[in-house]
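Chemist: this one's structure only:
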């Protein structure tokens, strides 16, 4: 399974756009890129998933370049409630194994 | 119902005790998971059940014993635990890999709130 590398932590302010980049140099052809969010003492929550180019949903966008060796999670206009740990994962659609990397601790300040 | 429930929320047990963690989902998911998460660390996969059969055991010590009585329930039986087993235990469920879920993305796992376990 491809290993991921993310920044350990990021700081932002309310209303700003936050971009968290994840490196996954060994991503396999059939791997998808998935992001989860986790608040303290809660289980992770699925945010977004993509294979290539750009995916957007109601909470985030995911940008994936052509070589797929990295991806960027974009959170528009963050609020204090977006303070959480964000995990980038790669894996095949048929895989049960979610291998969580170290994650990025995002702190949103007033 | 898009919720995974776990009981109890908190559990304190001695090293000689036997206890069980319970997990329930009513989303029709046929894959269920146990994860262990230590403080400030990512979740680590322990077990995967697919169609009520144990599919993956990530070399977990035998003092942890999973059980899947039916498609909605998942238990984790605990016996003779060590203090280092203290952690947040998370249950999750999903459609089995390759199935075309409804609005769910593939590999999307739905997590419960966890059981905070303390072993004295």
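Modeler: Perfect, thanks for sending it. All values derive from a computational prediction rather than experimental measurement.

Chemist: Please identify the helix or strand for the residue of chain A found nearest chain B.
Modeler: Taking C-beta to the nearest C-beta as the measure, chain A has residue A:43 as its residue closest to chain B, at 2.7 Å. From N, CA and C alone the C-beta is placed, and that goes for glycine too. Using DSSP states H and E, residue A:43 maps to neither a helix nor a strand.

Chemist: so who does the residue nearest to it when sequence neighbours are not counted touch?
Modeler: Of all residues beyond its chain neighbours, the one nearest residue A:43 is residue B:111 (2.7 Å), with distances taken as C-beta to C-beta, 6 or more residues apart in numbering or on different chains. Residue B:111 is in contact with A:42-45, B:4, B:35, B:90-92, counting by C-beta atoms under 8 Å, 6 or more residues apart in numbering or on different chains.

Chemist: try residue B:10
Modeler: B:115-116, B:118.

Chemist: Mind listing residues that contact stretch A:102-110?
Modeler: Stretch A:102-110 is contacted by residues A:6-14, A:18, A:20, A:38, A:75, A:78-88, B:42 when judged by C-beta under 8 Å, 6+ apart.

Chemist: Quick check on those residues: which are buried?
Modeler: With neighbours counted by 16 or more other C-beta atoms under 10 Å in any protein chain shown, the contacts of stretch A:102-110 contain buried members at A:6, A:10, A:12, A:18, A:20, A:38, A:75, A:78, A:82-88, B:42.

Chemist: Quick check on the contacts of residue B:111: which are buried?
Modeler: Looks like the contacts of residue B:111 have A:43-45, B:4, B:35, B:90-92 buried, using 16+ other C-beta under 10 Å.

Chemist: tell me which of the residues you listed is nearest to residue B:72?
Modeler: Using C-beta to C-beta, residue B:4 comes nearest to residue B:72 of the buried ones among the contacts of residue B:111, at 10.3 Å.

Chemist: if I look at that closest one, how far off is residue A:95?
Modeler: Separation of residue B:4 from residue A:95 (C-beta to C-beta, to the nearest Å) stands at 20 Å.
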